[in-house]
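Colleague: Fold the following, please.
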Amino acid sequence: MTLGERLDAATRHLPAPLVVVDLDALEANAADLVTRAAGTPVRVASKSVRVRGVLERVLATPGFAGVMSYSLREAHWLAQHGVTDVLMGYPTVDTGALDALAADPVAARAVTLMVDDVAQADLAAKAAAAHGTTLRVCLDIDASLRVGVGPLRAHLGVRRSPVHTPADAGLLAEQLAERDGLEVRGLMFYEAQVAGMPDASAAVRAVKRLSVRDLAQRRALVLDAVTQAVGHRLDLVNSGGSGSVQTSVSDPTVTEVTAGSGLFVPTLFDGYRSFEPRPAAFFGLDVVRVPAPGFATAFGGGYIASGPPTASRQPLPVSPAGLALTGREGAGEVQTPLRLRGRADLRVGDRVWFRHAKSGEVMERFRDVHLVRGEAVEATVPTYRGEERCFG
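Modeller: Numbers count the residues shown, from 1 in each chain. Sure thing, here's the model as predicted:
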């Protein structure tokens, strides 16, 4: 039985558009991440999931520990639902959320804020002072690769934190240590040029090798500088992503790695050599008309991924085989025309299955996700949206 036939059988009673997660693939991907982490705890990135029921399943898997959130309000909400270790992946200037966190002693111990600037830290310190509590913070260290000198110097990686060198990190740590109500808990290094880029060319692979070598030296120096500045041992040194788990854990200074996209495996992760892609998340659309021979039109589907507006950000039809988006229209808000190639054939009422380009983002479009095992829906759980939560 093909993927499409199996998903059709499981969801025949359900209206489309709908989104499903293949539990067998999800569990195999989770096991693969744990294997590649080789004993280092894996923190799950909520941005790449956005379904609390799925987060709970993953956290119940031995080898996973803690969540990396993308919003402070989300982090607080997860803490209120029993997640005991939530690391913010990004800084926040949401003063209302900071005040609410500081007013909740249980959440204040569960959530670690991310900072790379004293301005962010000052907002957190003000909230902590207002409630007589302590908020934990982690320093976001720029893990990009910088090569060359002077005007020829190149920045390879995302534009993230301004804190790059051990001196930068030590200075920021000293400034944080001077502020009452803040406890420096750890460091984060997100090597996007390693974790977030497919192995598409020899040049990309060379950048990855150079980045891994650079970070293996720089992480230890940054850790030493920050430890001296704050005067105590740090709890965590977080690094990596789904595409760099095995290289991140090879550094003995790394205490945990983060992974999220490797659970659902969206199309942007198809080009990686470091792991076997097992797509686990799919959305289904129903054909509502056949406008001409060789074409069919499905209802909905305009779920475009964030990032540069290229064809790689569009969803990919995967079942039945032989389908493609049209170049003129692509995936549309209310309709998605498809070209039929080879022996592909679609009729009104048929269901087409797609993969999204980025993990987690498609869940913002649906209130529920159906968890499929084999040819049956094992459970239906709400997405963040289904729980009336919108975190940006």
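Colleague: Which positions in whichever strand or helix holds A9 come out as buried?
Modeller: A9 is part of helix 3-11, with elements assigned from DSSP states H and E. Using 16 or more other Cβ atoms under 10 Å as the test for burial, helix 3-11 gives L3, G4, R6, L7, D8, A10, T11. Bear in mind the C-beta positions are built from the backbone N, C-alpha and C, glycine included.
Colleague: So what touches that helix?
Modeller: 1, 18, 20, 22, 282, 284, 318-320, 351, 353, 370, 372, 374-377 (Cβ atoms under 8 Å, 6 or more residues apart in numbering).
Colleague: picking that back up, let's have the buried residues of helix 3-11 in JSON lines, adding pLDDT.
Modeller: Output for the buried residues of helix 3-11, formatted as JSON lines (pLDDT from 0 to 100):
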{"residue": "L3", "pLDDT": "93"}
{"residue": "G4", "pLDDT": "93"}
{"residue": "R6", "pLDDT": "97"}
{"residue": "L7", "pLDDT": "98"}
{"residue": "D8", "pLDDT": "97"}
{"residue": "A10", "pLDDT": "98"}
{"residue": "T11", "pLDDT": "98"}
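Colleague: follow-up on the earlier one: would you report which members of the contacts of helix 3-11 are assigned to strands?
Modeller: Here DSSP state E is the test, and the contacts of helix 3-11 give 18, 20, 22, 282, 284, 318-319, 351, 353, 370, 372, 376-377 as lying in strands.
Colleague: Go ahead and build a PyMOL selection from the buried members of those.
Modeller: In PyMOL syntax, the buried subset of the ones in strands among the contacts of helix 3-11 is picked out as below (16+ other Cβ under 10 Å):
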select buried, resi 18+20+22+282+284+318+319+351+353+370+372+377
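Colleague: Can you give me every residue that contacts F283?
Modeller: F283 touches 17-20, 301, 303, 315, 353-354, 356, 362, 365-366, counting by Cβ under 8 Å, 6+ apart.
Colleague: Relative to L113, which of these is nearest.
Modeller: V362 (28.2 Å; Cβ to Cβ).
Colleague: what mean pLDDT does stretch 25-38 have?
Modeller: Stretch 25-38 comes out with an average pLDDT of 96.
Colleague: what does it rub up against?
Modeller: Against stretch 25-38 from outside (Cβ under 8 Å, 6+ apart): 42, 54, 57-58, 61-64, 242, 245-246, 249, 257, 259, 262-265, 274-276, 278-280.
Colleague: buried subset of those residues?
Modeller: 42, 54, 57-58, 61, 63-64, 242, 245-246, 249, 257, 259, 262-265, 274-275, 278-280.
Colleague: Next step: those restricted to helices.
Modeller: Of the buried ones among the contacts of stretch 25-38, the ones assigned to helices by DSSP state H are V54, R57, V58, V245, Q246, G262, L263, F264.
Colleague: Among those, show me the least confident.
Modeller: Q246 (85).
Colleague: hang on, it packs against Y272?
Modeller: No: using Cβ atoms under 8 Å, Q246 is not in contact with Y272; the gap is 11.1 Å.
Colleague: how near is D116 to V372?
Modeller: 41 Å (Cβ to Cβ, to the nearest Å).
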